[in-house]
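Q: turn this into a model:
(one chain, ligands or ions: 1)
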Amino acid sequence: MKPIQVGLLGIGTVGSGTFEVLRRNQGEIRRRAGRGIEISMVADLDVARARSIVGEGVQVVGDARAVIANPDIDVVVELIGGYGIAKALVLEAIAAGKHVVTANKALLAVHGTEIFAAAAAKGVMVAFEAAVAGGIPIIKSLREGLTANRIQWIAGIINGTTNFILSEMRDKGLDFDVVLKEAQRLGYAEADPTFDIEGVDAAHKATLMSAIAFGIPVQFDKAYVEGITQLGAADIRYAEQLGYRIKLLGITKRVAQGIELRVHPSLVPAKRLIANVEGAMNAVVVQGDAVGTTLYYGKGAGSEPTASAVIADLVDIARLQTADPLHRVPYLAFQPDAMSDTPVLPMSEVVTSYYLRLRVADEAGVLAQVTALLAGAGISIDAVLQREADEVGGEGATSTDLIILTHNTREGTMSDALARLQQLPTVLAPIVRIRKEELN
Ligand code: HSE
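A: So this is what the prediction gives:
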């Protein structure tokens, strides 16, 4: 059977990795796919650079639409990123009857419903293993390996940049701004790392996992998104003293009233494996009713790890001709007519436990005042830690840090109680609230 013909849109870090791994492992890949996979056309704005990567024998163009218009191309691999031109090109490729492979989590999390509908109408595949957690085959695991399970929850470290920053803040006691500069210097963070540090990138990925786990449409607009920009080194230190690590988690969970979908910094018990995922690595924990807890760990970004995921999708597409076509897997794991309308819950309805840090006046009755207010709101306290004045402000300090761990509380109840606590004259600074996930 003639090799499947692939056109790349964009040959940056992931595109060049894809080209190299396909070249290096072509024999092995052909044996698995049942036919060869050939990149025969590449579009990139920097034609000279693209040519220097692929050499002769591959058609290089500056216009992505020339790839889509080429009748010999079977699959278009979109590696441009973003919601702009990438969306138009993906839809045009589908309209032209091409299968699409993309690493573009932003595009699918926001416009997935439209894109999957267009693909279904045309009978082509849209595959996106590379969009979530880079080289970790989490999409395939959720969609196929765990297909027997009723998934209960997923919690993942799915942004390497922020995990690197949090690891460095904890290891070296450095503040956020200092480590962000280091992450940029090392090339982990983008020059404009807003999507990383504000939690948006992780929320795109969590949105895709949520759809696949629960059979709901992709709904990025319903996700609660909070990044790590407000985290202080002191909170990381206090969490440590209480036996926790702070991680930016993407969480999606099935509860009685609906689906939770949220990204925020979370205290995780230090003894959990995921709490020990350091640096730019990614990890995802999935809880299924039959399998129990499973953990997936690996590189969430980078040239060849992400290429590994792109090529896995290309092999799946090649198998459309080499395997029984009736056994294709739906885009979002569930049959399109069996999608659920279970609502994604507003954040105020989420129930979780909390770490609170209050900078309070160091005087008699303050602790009693704070705990009485929490008790009045029905919020149960799990642990309290008060730092000695000399650790906070030195000899003669008039303020102290009060750290409180709570039991499970509805977010709306907690927000109301915090608003009232914040009004107390003895509470001297904005209260820090970090959610806590026991993941057990
Ligand atoms: N900026 C992303 C990260 C790259 O830091 O994980 C992979 O999506």
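Q: just the pLDDT at the nearest residue to Lys122 once chain neighbours are set aside, thanks.
A: Leaving out its chain neighbours, the residue that sits closest to Lys122 by C-beta to C-beta, 6 or more residues apart in numbering is Ile94, at 5.3 Å. C-beta: built from backbone N, CA, C; applies to glycine. The predicted local confidence for Ile94 comes out at a pLDDT of 98.
Q: tell me which helix or strand of the chain sits lowest on mean pLDDT?
A: Of all the helices and strands that make up the chain, the one with the lowest confidence by mean pLDDT, DSSP states H and E is helix 389-392; it has a mean of 54.
Q: spell out which parts of this structure neighbour the ligand.
A: Applying C-beta under 6 Å from any ligand atom, we find that the chain lies next to the ligand at Gly134, Asn159, Gly160, Thr161, Asp196, Asp201, Gly300, Ala301.
Q: ok, the second one - contacts?
A: It refers to Asn159. If a contact means C-beta atoms under 8 Å, 6 or more residues apart in numbering, then Asn159 has Asp196, Gly199, Asp201, Ala202, Lys205, Leu248, Gly250, Asn282, Gly300 as its contacts.
Q: 6 Å instead, please
A: Asp196, Asp201, Ala202 (C-beta atoms under 6 Å, 6 or more residues apart in numbering).
Q: so which of those is surrounded by the most neighbours?
A: Taking other C-beta atoms under 10 Å as the neighbour criterion, Ala202 ranks highest of the contacts of Asn159 with 33 neighbours.
Q: quick check: which element contains that residue?
A: Ala202 belongs to helix 200-214 when assigned by DSSP states H and E.
Q: name every strand pairing with the next helix or strand after that helix and say which way it goes.
A: The helix or strand immediately downstream of helix 200-214 is strand 224-225, counting by DSSP H and E. If you go by DSSP bridges, strand 224-225 pairs up with strand 258-269 (parallel).
Q: what's in contact with the strand it pairs with?
A: Outside of strand 258-269, the residues within contact range by C-beta under 6 Å, 6+ apart are 199, 202-203, 206, 210, 214, 222-226, 228, 231, 239, 244-253, 275, 342-345, 350, 355, 434-437.
Q: out of the residues you listed, which end up buried?
A: Of all the contacts of strand 258-269 considered here, the ones buried according to neighbour count by 16 or more other C-beta atoms under 10 Å are 199, 202-203, 206, 210, 214, 222-226, 228, 231, 239, 244-253, 275, 344-345, 350, 355, 434-437.
Q: ok, back up a step: which member of the contacts of Asn159 is positioned nearest Ala64?
A: Closest approach between those and Ala64, by C-beta to C-beta: Asp201, at 23.4 Å.
Q: same for the longest helix seen in the chain, what does it pack against?
A: Assignment by DSSP state H gives helix 303-322 as the longest helix of the chain. In terms of contacts (3 or more C-beta pairs under 6 Å, 6 or more residues apart in numbering; DSSP states H and E), helix 303-322 is packed against helix 13-24, helix 26-33, strand 99-102.
Q: ok, now with 7 Å
A: Using 3 or more C-beta pairs under 7 Å, 6 or more residues apart in numbering; DSSP states H and E as the contact definition, the elements that helix 303-322 packs against are strand 4-9, helix 13-24, helix 26-33, strand 75-78, strand 99-102, strand 126-127.
Q: hmm, back to that, which outside residues touch the host helix or strand of the residue nearest to Lys122?
A: Element membership for Ile94 (DSSP H and E) is helix 85-95. The list of residues contacting helix 85-95 from outside it, by C-beta atoms under 7 Å, 6 or more residues apart in numbering, reads 9, 64-65, 68, 76, 78, 80, 100, 102, 104, 107, 111, 115, 118-119, 122, 124.
Q: look at Asn282 and give its secondary structure.
A: Local secondary structure at Asn282 is given as strand here, using DSSP: H, G, I helix; E, B strand; the rest coil.
Q: ok, Val255 to Val344 distance?
A: Val255 sits at a distance of 11 Å from Val344 (criterion: C-beta to C-beta, to the nearest Å).
Q: so what's Lys222 up against?
A: Counting by C-beta under 7 Å, 6+ apart, the residues that Lys222 touches are Leu261, Val344.
Q: roughly how far apart are it and the ligand?
A: Here Lys222 is placed at a distance of 21 Å from the ligand (C-beta to the nearest ligand atom, to the nearest Å).
Q: burial measure for Asp221, as a count.
A: Based on other C-beta under 10 Å, the number of other residues close to Asp221 is 9.
Q: nope, Thr352 is what I was after
A: Using other C-beta under 10 Å, Thr352 has 20 other residues around it.
Q: and the helices and strands packed on helix 303-322 as JSON lines, adding mean neighbour count?
A: As requested, the helices and strands packed on helix 303-322 are exported to JSON lines (neighbours: other C-beta atoms under 10 Å):
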{"stretch": "strand 4-9", "mean neighbour count": "26"}
{"stretch": "helix 13-24", "mean neighbour count": "20"}
{"stretch": "helix 26-33", "mean neighbour count": "14"}
{"stretch": "strand 75-78", "mean neighbour count": "26"}
{"stretch": "strand 99-102", "mean neighbour count": "26"}
{"stretch": "strand 126-127", "mean neighbour count": "24"}
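Q: lowest average pLDDT across those?
A: The lowest average pLDDT among those, as it happens, falls on helix 26-33, at a mean of 89.
Q: and that one with helix 303-322, angle?
A: On the basis of axes from the mean of the first three to the mean of the last three C-alpha atoms, to 10 degrees, helix 26-33 is oriented at 40 degrees to helix 303-322.
Q: okay, now the unreliable bits of the stretch 201-350 of the chain?
A: Counting by pLDDT under 70, the stretch 201-350 of the chain contains low-confidence ranges at 324-328.
Q: show residues contacting stretch 5-14.
A: Defining contact as C-beta under 7 Å, 6+ apart, one finds that stretch 5-14 is touched by 15, 18-19, 37-44, 50, 53, 64, 67, 70, 72-80, 89, 103, 130, 303, 306-307, 310, 314.
Q: any idea how far the residue lying closest to Thr147 once chain neighbours are set aside is from the ligand?
A: In this structure, Thr147 finds its nearest non-sequential neighbour in Ala333, 7.0 Å apart by C-beta to C-beta, 6+ apart. The gap separating Ala333 from the ligand is 21 Å, by C-beta to the nearest ligand atom.
Q: for the stretch 1-150 of the chain, which residue gets nearest to the ligand?
A: Taking C-beta to the nearest ligand atom as the measure, the stretch 1-150 of the chain has Gly134 as its residue closest to the ligand, at 5.7 Å.
Q: SS state for that residue?
A: Per three-state DSSP, the local secondary structure of Gly134 is coil.
Q: same thing with Thr229?
A: Going by three-state DSSP, the secondary structure assigned to Thr229 is coil.
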